[in-house]
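What would the 3D arrangement of this be:
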Amino acid sequence: MSTTEGGVPVREPVEPEPEPGAGGAAGGPAGPEAGAGAGLRAAPGVGAGVVADGPARPGAAASAGAAGVILAGSADGRRGWTGRRRRGTSGAGHPGTHAHSAKRAGAHDGAVDGSRRRRRRWPWAVAAALMLVGAASWLAVDRIATPLAVPIPHASAVAAVFVPGAPPVLPWPDKGQGAVAVPSLHFTAASGPESPVPIASLTKMTTAVVILRDHPLPVGTDGPVITVTAGDAAEYEAELHNDESSIAIQAGETLTERQMLEAMMTQSANDIAFSLAVWDAGSVAAFVDKMNALATSLGTTDTHYVDASGFDPRTVSSASDVLRVATAGMDIPAFAQIVALPSVTLPLVGTLHNIVPEVGTNGVVGIKSGYTSAAGACMVLAADRTIQGRTVLVLVAVLGQPTPPPTLPKPTPTTTTTAPPPPAPTTTAPTVPGTPPTVPPPTTTTTTTPPPPTTTTTSIPLNDLPIADPFKFARPTTETLLAATSAAITPVTVATPGQPVGVMTSTWGGIPHTTAVVAGAGAWLPGWPGQAVSSMTRFVAIPAGSPAGTRVGARLFAIGDQFQAVPLRLAETVPEPTTWWRLVHA
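Numbers count the residues shown, from 1 in each chain. Modelled structure (predicted):
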């Protein structure tokens with residue numbers, strides 16, 4: 001409940017209920033403190049001072065009661081509210097003073113409330129400011145850290161590169177067929193149109209390739225042990241009577257796969273070719289099927305086999321085809337190792353020199369020769385040509401080369417003598433008496449013509465006559481062709497250090513920025529005069545700002561199987577925008 005003093009609302013004090021034993025409204029007898037305000041307790045020395053403050057005037061009892069309320073309020077712990085009431089009611093009975101005090105109290109309360117409100121607002125303001133700064137910082141970092149577009153590579157158009165020089169005119173054989181090949185350059189050439197012709201013991205190259213594909217022989221190993229059968233020994237005896245090329249074997253003998261291949265390839269042993277064919281396929285016919293399948297897989301067009309040794313003239317091929325087989329053989333390390341042997345040692349015959357004497361000289365590393373009366377002299381040679389430290393294999397073949405005349409054996413004459421006919425008898429007629437004598441006719445002399453001189457005949461066919469050196473003419477032809485082919489291989493420069501090969505383009509701000517890409521090293525390749533060099537460029541992704549010298553890819557140059565990779569590098573640093581540019585550009 002409130003009242004108004006001097007126009008200022010004043011809250012009326014509420015009298016507390018008297019405690020038991022107190023006088024006044026409680027109904028008990030009035031105590032000694034009744035004059036200070038009934039039912040109120042004043043703190044000792046406080047209430048009396050307040051009541052006695054100033055002379056007695058009307059309303060003093062009310063003031064005293066009010067004071068008692070104030071003190072009681074203090075005693076109950078309501079200091080904040082009591083203090084405000086004391087300021088508002090001090091000098092009771094003077095309305096102006098009370099109103100002024102109330103006004104000051106209200107102003108003070110407003111100031112306190114404003115201060116509190118300000119204290120409550122400043123953390124939020126700081127937080128908002130920090131959030132703004134954080135957002136701005138995040139945006140700046142995001143812009144600065146956002147990667148630029150990856151520079152785009154562009155390879156320059158590659159000018160056509162050819163091996164310098166004109167293709168040479170090779171010294172082809174005057175007769176028969178000739179062919180050359182440089183397998184790693186994918187280069188082949190032939191003397192002219194080819195047709196199937198007998199190839200004699202060059203057939204054994206195919207036999208060896210089939211064996212090594214069916215029974216691989218790692219370099220340095222001897223392979224499985226093979227026992228010579230009675231059938232193998234019988235084949236050897238039959239070949240001796242046919243004057244075929246062979247080496248001595250006997251039933252029950254054991255040879256390793258490597259020993260048998262060495263005997264067949266360096267001594268051209270027909271009996272070993274027979275034994276290997278039966279060991280691999282069970283029969284010569286089954287093995288020949290494998291040989292023809294291999295020839296087909298190698299792309300031959302003039303080749304057909306009917307035996308494993310080439311003694312049969314129906315086994316035919318061409319110069320280019322035999323080089324396909326030779327190339328396949330030289331790709332097998334064990335084959336290449338065996339045909340490069342200058343000599344071999346075998347159990348029954350001891351040490352024998354390779355029948356191709358060129359092996360081991362002038363860089364010759366194989367391969368095979370062959371001769372029959374039907375095939376003439378045939379030869380395939382392989383040599384390593386070294387060009388600036390790089391090795392290139394060269395192959396040549398000649399077929400159907402002429403041979404020297406055979407060596408005639410000493411004559412064994414067979415003479416037939418014809419005896420002259422006996423002379424005719426002479427008769428004289430008897431003399432009759434009384435008759436004149438008869439004159440005999442003149443005597444006739446018969447002359448016998450002597451028989452013709454003695455003639456000598458032989459029963460050996462001309463094609464089977466022995467030839468001291470069937471390769472007398474084929475050898476120089478083959479060696480000359482090999483030397484000319486090797487000498488024709490030429491190095492060609494395909495790249496030089498610092499040579500421009502393209503650009504890297506980095507685009508930002510709508511403007512392309514290019515950086516040159518150059519060859520990081522020089523390179524060359526061997527080739528045949530007139531051959532074209534192929535190339536291919538590959539780049540790797542790099543960020544903007546990559547420094548000069550950074551590897552950005554490679555360019556591959558190739559001629560056949562010969563290739564060279566050249567590293568590509570930046571000629572200068574790839575340009576990138578400044579930090580300020582990134583900050584102000586979205």
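
only C-alpha atoms for contact and neighbour calcs from this point on.
OK.

Format the CA atom coordinates belonging to stretch 125-132 as PDB.
Once non-C-alpha atoms are left out, stretch 125-132 reads as follows in PDB (Å, rounded to 0.1, in the frame of the first residue of the first chain):
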ATOM      1  CA  ALA A 125      30.400  -6.000 -29.100                       C
ATOM      2  CA  VAL A 126      33.800  -7.500 -28.700                       C
ATOM      3  CA  ALA A 127      32.600 -10.900 -29.900                       C
ATOM      4  CA  ALA A 128      30.900  -9.300 -32.900                       C
ATOM      5  CA  ALA A 129      34.100  -7.500 -33.800                       C
ATOM      6  CA  LEU A 130      36.200 -10.600 -33.400                       C
ATOM      7  CA  MET A 131      33.800 -12.500 -35.700                       C
ATOM      8  CA  LEU A 132      34.100  -9.800 -38.300                       C
END
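
if you average pLDDT over it, what comes out?
Here stretch 125-132 scores 76 as its mean pLDDT.

Between its first and last residues, how far does stretch 322-338 reach?
18 Å (CA to CA, to the nearest Å).

Which strands or helices does the helix or strand that contains Phe287 pack on?
In this structure, Phe287 sits in helix 284-297 according to DSSP states H and E. Contact here means 3 or more CA pairs under 8 Å, 6 or more residues apart in numbering; DSSP states H and E; on that basis helix 284-297 packs against helix 203-214, helix 270-281.

Could you list the residues in contact with the helix or strand following that helix?
Once the chain leaves helix 284-297, the next helix or strand it forms, by DSSP H and E, is strand 316-317. Here strand 316-317 makes contact (CA atoms under 8 Å, 6 or more residues apart in numbering) with Ser195, Pro196, Val197, Pro198, Ile199, Asp302, Thr303, His304, Tyr305.

low-confidence ranges in the stretch 51-200 of the chain?
Within the stretch 51-200 of the chain, the stretches with pLDDT under 70 are 51-121, 135-149.

so how far is Ala189 from the spatially closest residue to Thr372 that is not a sequence neighbour?
Of all residues not flanking Thr372 in the chain, Ala200 sits nearest, at 5.9 Å (CA to CA, 6 or more residues apart in numbering). From Ala200 over to Ala189 the distance is 22 Å, taken as CA to CA.

ranges for the helices of the stretch 101-250 of the chain?
203-214, 230-241 (DSSP state H, counting those that start in this stretch).

I'd like to know which elements the last one is packed against.
Packing partners of helix 230-241 (3+ CA pairs under 8 Å, 6+ apart): helix 270-281.

buried set for the helix it packs on?
Applying a neighbour-count criterion of 16 or more other CA atoms under 10 Å, the buried positions in helix 270-281 are Asn270, Asp271, Ile272, Ala273, Phe274, Ser275, Leu276, Ala277, Val278, Trp279, Ala281.

how does the protein divide up, domain by domain?
Using automatic domain parsing, the domain parsing of the chain gives 2-105, 152-164+490-584, 194-361.

In contact with Ile338, which residues?
Counting by CA under 8 Å, 6+ apart, the residues that Ile338 touches are Leu261, Glu262, Met265, Thr266.

make it 7 Å
By CA atoms under 7 Å, 6 or more residues apart in numbering, Ile338 lies in contact with Glu262.

For it, what is the enclosing helix or strand?
helix 333-339.

where does the stretch 401-550 of the chain have low pLDDT?
Where the stretch 401-550 of the chain drops to pLDDT under 70, the residues are 407-465.

ok and the helix holding Phe287 relative to helix 270-281, angle-wise?
If you take axes from the mean of the first three to the mean of the last three CA atoms, to 10 degrees, helix 284-297 sits at 80 degrees to helix 270-281.

Give the buried residues for helix 284-297.
Val284, Ala285, Phe287, Val288, Asp289, Lys290, Met291, Asn292, Leu294, Ala295.

who touches that helix?
Contact partners of helix 284-297, identified using CA under 7 Å, 6+ apart, comprise 206-207, 210, 274, 277-278, 281, 303-308.

Repeat the analysis, applying 8 Å as the threshold.
With CA under 8 Å, 6+ apart as the criterion, helix 284-297 contacts 206-207, 210, 274, 277-278, 280-281, 303-308, 325.

So for that helix, mean pLDDT?
98.

Extract the C-alpha set from that helix and format it as PDB.
C-alpha atoms of helix 284-297 as PDB (Å, rounded to 0.1, in the frame of the first residue of the first chain):
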ATOM      1  CA  VAL A 284      60.400 -86.400 -86.800                       C
ATOM      2  CA  ALA A 285      57.100 -85.800 -88.500                       C
ATOM      3  CA  ALA A 286      55.500 -84.400 -85.400                       C
ATOM      4  CA  PHE A 287      58.500 -82.200 -84.800                       C
ATOM      5  CA  VAL A 288      58.400 -80.900 -88.400                       C
ATOM      6  CA  ASP A 289      54.800 -79.800 -87.800                       C
ATOM      7  CA  LYS A 290      56.100 -77.600 -85.000                       C
ATOM      8  CA  MET A 291      58.800 -76.200 -87.300                       C
ATOM      9  CA  ASN A 292      56.300 -75.200 -89.900                       C
ATOM     10  CA  ALA A 293      54.000 -73.600 -87.200                       C
ATOM     11  CA  LEU A 294      56.900 -71.600 -86.000                       C
ATOM     12  CA  ALA A 295      57.800 -70.400 -89.500                       C
ATOM     13  CA  THR A 296      54.200 -69.300 -90.000                       C
ATOM     14  CA  SER A 297      54.200 -67.400 -86.700                       C
END
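
Understood, closing this out.
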